[in-house]
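Chemist: Structure of the sequence below:
(chains A and B)
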2 protein chains.
Amino acid sequence: MNRFQLIEQIQTKKSFLCVGLDIDLEKVPEVFLKEEDPIFEFNKMVIDQTQDLCVAYKPNTAFYEVYGSKGWDSLQKTIEYISDKHLIIADAKRGDIGNTSGRYAKAFFETMGADAITVAPYMGSDSVKPFLDFDDKWVILLGLTSNKGSQDFQHFQDEKGKKLYEKVLKTSATWGSIDNMMYVVGATHPQQLKEIRELLPYHFFLVPGVGAQGGKLNEVADAAFNNDCGLLVNSTRGIIYAGGPSEGYEQRIRAAAQELQSEMASYF
Amino acid sequence: MNRFQLIEQIQTKKSFLCVGLDIDLEKVPEVFLKEEDPIFEFNKMVIDQTQDLCVAYKPNTAFYEVYGSKGWDSLQKTIEYISDKHLIIADAKRGDIGNTSGRYAKAFFETMGADAITVAPYMGSDSVKPFLDFDDKWVILLGLTSNKGSQDFQHFQDEKGKKLYEKVLKTSATWGSIDNMMYVVGATHPQQLKEIRELLPYHFFLVPGVGAQGGKLNEVADAAFNNDCGLLVNSTRGIIYAGGPSEGYEQRIRAAAQELQSEMASYF
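Modeler: Numbers count the residues shown, from 1 in each chain, chains lettered A, B, ... in the order given. I've put the predicted structure just below:
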C-alpha cells in the first residue's frame, strides 16, 4: 500500500485507527479454544468486526512466535485474511547487519506479505536501508517509544541538549522519504509528539500507547494531526479484549473500535 | 546452560568458538536441495563436523523466517539437534515493551529451547528485564556492533564525551549479572573492545565480525580475553560456506573450524 492509497483509506473511513492483533489465548472467549487455530479464528472475528472502522492492522510477532511454527502459520493466515484496504504492519522491531536485514525484509514483505515492518534503529543506516528497497512497502522506525524504559537511552543527550531520539529521527529521515518511512512515537509523550511533528512535518507516525498504556487520543491528535492526517493511532488491548469472555463479545469489540473511530471522525 | 557449565566447556575444548548458522540455500551444496528440509540437513552436517571444536551455535532468525513457518520448523529441529554441551544462541535482536518482551522470552527460552537471545537495547530496561527472569538463560545485549552503521547512533556522545554504547553497557549491567548477561561487541573495533573490557571486566562478550567482516581473532583475544576466557567469537560465512559446492565439503568445513580452534587453543 502506498501513501496515496493510505490517505485515501483514511479519508474514506474518517479513521486513522490501527488495531493491534496481539492475541493472548488466556484472554479470549473459551469458544475459540475449541478451534483448530484459535488465534486465527479470533483474529478473523476481530477483523470482521472492525475492518470498516480502521485503516491498519498490527500483529506483534512475539504473540505468534511464542507458539512456534504453528503461531507463524496463524500469523500468515491472519495477514492473508486482511483486505488490501488496510495497511498491514508486522510489529517485529527487527534490525541487523545489512545482509541479515535484507533477509528480514524478504521474510516480512515477500514471504509474509506485510506492507510495513517496525524496525529498531540501534544498528544504524545499513540495518535499516535494506527494508527501503521494496516498492510500496514501509519501514516504521522506533523514534520515541511509549514505555517507561524509553527514558533510559532515547533521552541520552549531546552537549547541545539534542536527544538520541531526535538524532535518530533527523538522521534516519535522510535514508528514505515520506513515501516509505514512518516513525513510532508513543502517545504517552504528547509534548514531545508536538515537537517531533515540528521536526518531521510530513511523515506518518504510528502512535501506540493509547488506552491501556495511558495515552489519550485527543492529546495525540492535537499534537500531531497534519494536512494528510499523518497519524496511525494504535489500540490493542482496548479493542481486542473489550469483548470479555461471554456472549456478545463481537458487539463489544465493535463498539470499542467504533468509539475511537467516532472521536477520530471529528478531525476530518 | 549456566556460566559454570559454559566455562567448563571452553576449558575442555580449548575453544571459544561460536558457529553462526545463517543458511542461504543458494550457497549450500546441491545435494542438500533434494532433502525435504535442506536447511536442517545442512545444519546437521555442519554441527556433526564442528561440535567438538566449538562451544556455541548461533542461528540468526532472519535466515529461517524468510521461509515462513517451514523455516521456523527448521530452526526448531536444528536447536533440538544441538547437544547440551553447547550454548544455543538465538540471534534474534528482539526487544519490545515489557509485556511483549515477556512473550519473546517465552518463545525463545521455553517454546524453542534456546539458552540465550540477542536483544536490542533501544527501548530500555523494561524491554530487557523480562528476558532475565529465566534460570540459566542469557540476554546478549547489543553493545557496539560490528557493522558500519554502528557509527550512526552508538557513538552519539554526551557533554562529557561518554558515548551511547558506553551508557548502554554501564546502565544495563546493573539490570542483571555476569551470570545472565553478555554483550555483543564487534571484532571490527579492537581498540574499543579493549576499553569495553576495562569497563566490564567479568562479562562474556559475543564477538561477531571475525572473517568476512574483517575482524581478526588475535586482536580480539589480545583485547578482551580474561581469566574465565570471557569471549565467544563467532564465525559464520568463514565456516559454513568454507566447503564450497563440491564433494569434500564436510572436511573443508571441519578444517575451517579447526583452524580457528587451533589458534584459540594457544590462549589456554
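
Chemist: Go ahead and flag the most central residue of chain A.
Modeler: A:Lys58 (4.9 Å; Cα atoms, centre = their mean).

Chemist: Check for me that that one belongs to a strand.
Modeler: Yes. Checked against DSSP: H, G, I helix; E, B strand; the rest coil, A:Lys58 lies within a strand.

Chemist: ok, now which ones touch it?
Modeler: A:Cys18, A:Val19, A:Gly20, A:Leu21, A:Ile89, A:Asp91, A:Leu206, A:Asn234, A:Thr236 (Cβ atoms under 8 Å, 6 or more residues apart in numbering or on different chains). Every C-beta, even on glycine, is put in place using the N, C-alpha and C of the backbone.

Chemist: So which of those sit within strands?
Modeler: In this view, the contacts of A:Lys58 that belong to strands under DSSP state E are A:Cys18, A:Val19, A:Gly20, A:Leu21, A:Ile89, A:Asp91, A:Leu206, A:Asn234.

Chemist: So the fifth one sits against A:Phe109, correct?
Modeler: No. Using Cβ atoms under 8 Å, A:Ile89 is not in contact with A:Phe109; the gap is 11.8 Å.

Chemist: For A:Gln151, give me its contacts.
Modeler: Contacts of A:Gln151 (Cβ under 8 Å, 6+ apart): B:Gly124.

Chemist: Distance check, it against A:Thr78.
Modeler: Look at A:Gln151 and A:Thr78: by Cβ to Cβ, to the nearest Å, they are 33 Å apart.

Chemist: go on, A:His155?
Modeler: Applying Cβ to Cβ to A:His155 and A:Thr78 gives a distance of 35 Å.

Chemist: Which of these two has more residues huddled nearby?
Modeler: A:Thr78 (23 against 14; other Cβ atoms under 10 Å in any protein chain shown).

Chemist: Torsion angles phi and psi at the more buried one?
Modeler: When read as degrees, to the nearest 10, the backbone of A:Thr78 gives phi -60, psi -50.

Chemist: That one: what's its closest spatial neighbour, skipping adjacent residues?
Modeler: A:Asn43 (4.5 Å; Cβ to Cβ, 6 or more residues apart in numbering or on different chains).

Chemist: Please tell me how far that neighbour sits from chain B.
Modeler: A:Asn43 sits 16 Å away from chain B, going by Cβ to the nearest Cβ, to the nearest Å.

Chemist: Just the helices from the stretch 1-150 of chain A, written as ranges.
Modeler: A:3-13, A:38-50, A:62-65, A:68-81, A:98-105, A:125-128, A:150-153 (DSSP state H, counting those that start in this stretch).

Chemist: ok, and which of those has the densest surroundings?
Modeler: helix A:62-65 (a mean of 26; mean count of other Cβ atoms under 10 Å in any protein chain shown).

Chemist: Give the other helices and strands that that helix contacts.
Modeler: Helix A:62-65 sits against helix A:68-81, helix B:98-105, with contacts defined as 3 or more Cβ pairs under 8 Å, 6 or more residues apart in numbering or on different chains; DSSP states H and E.

Chemist: how about the shortest one against chain A, any contact?
Modeler: Yes. Counting by Cβ under 8 Å from any Cβ of the partner chain, chain A is contacted by helix B:98-105 at B:Gly98, B:Thr100, B:Ser101, B:Arg103, B:Tyr104.

Chemist: re earlier: can I get the helices and strands packed on helix A:62-65 in JSON lines including mean pLDDT and distance to B:Pro130?
Modeler: Converted to JSON lines, these look like this (pLDDT from 0 to 100; distance: least, Cβ to Cβ, whole Å):
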{"stretch": "helix A:68-81", "mean pLDDT": "97", "distance to B:Pro130": "18"}
{"stretch": "helix B:98-105", "mean pLDDT": "97", "distance to B:Pro130": "4"}
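
Chemist: Would you format the ones you listed as JSON lines with distance to B:Leu164 included?
Modeler: What follows is those, written out as JSON lines (distance: least, Cβ to Cβ, whole Å):
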{"stretch": "helix A:68-81", "distance to B:Leu164": "33"}
{"stretch": "helix B:98-105", "distance to B:Leu164": "20"}
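
Chemist: Among these, which comes closest to A:His189?
Modeler: Across the helices and strands packed on helix A:62-65, A:His189 has its closest neighbour in helix B:98-105 (17.3 Å, Cβ to Cβ).

Chemist: can you give me the strands for the stretch 151-268 of chain A?
Modeler: A:181-185, A:204-207, A:231-235 (DSSP state E, counting those that start in this stretch).

Chemist: Quick one, which of the ones you listed gets closest to B:Ile253.
Modeler: strand A:181-185 (40.4 Å).
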